[in-house]
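Q: the following comprises the amino acid sequence and a computationally predicted model.
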Amino acid sequence: MKWRLLLLLFAIQGVSATSTPLVAQPVAVTGIIAKRETDLLTHEDKLAAYDAEQVVLSNDWGTQGYNWEGPNGAYGTIISSGSIPQPNSNAFCRRFIHIVHHANDGGANPTFQGYICRATPDAPWERK
């Protein structure tokens, strides 16, 4: 009985010393255009950035500057041109700029600048 108790104590110590607690990880934010630029944001701030992108993308006329703020201190600005139909196809493209500010950016303000396109009016926007 005494040996069993000692073995149990050693087993518990071994498990607690080498194991890390399981922590639920938030689900990735899919569909965000400025994915690399928002990698260091908290999940909640990524959701705020995603929501801002969706607001801008819902406006076919373009946006001169849409500002957003996340609940954990990140913030950003999105600028977008209107949708431009591509010749000889159903595709649409637009110039898209998303500037991200957060505590871990070292003052670099990660910025996505480029064109985003979609094959049809109902398709998702993708980085080009």
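A: Structure received.
Q: longest strand in this protein, by residue count?
A: Longest strand in the chain, counting residues (DSSP state E): strand 92-101.
Q: which strands or helices does that one pack on?
A: helix 43-57, strand 75-80, strand 84-85, strand 111-118 (3 or more C-beta pairs under 8 Å, 6 or more residues apart in numbering; DSSP states H and E). Where you see a C-beta, it was placed from the backbone N, CA and C, and this is true even at glycine.
Q: can you pull the buried residues of that strand?
A: By 16 or more other C-beta atoms under 10 Å, the buried positions in strand 92-101 come out as 92-94, 96-101.
Q: how about those in TSV, adding pLDDT and distance to residue 118?
A: Formatted as TSV, the buried residues of strand 92-101 follow (pLDDT from 0 to 100; distance: C-beta to C-beta, whole Å):
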residue	pLDDT	distance to residue 118
92	90	6
93	93	8
94	94	9
96	96	12
97	97	18
98	97	17
99	97	22
100	97	22
101	96	27
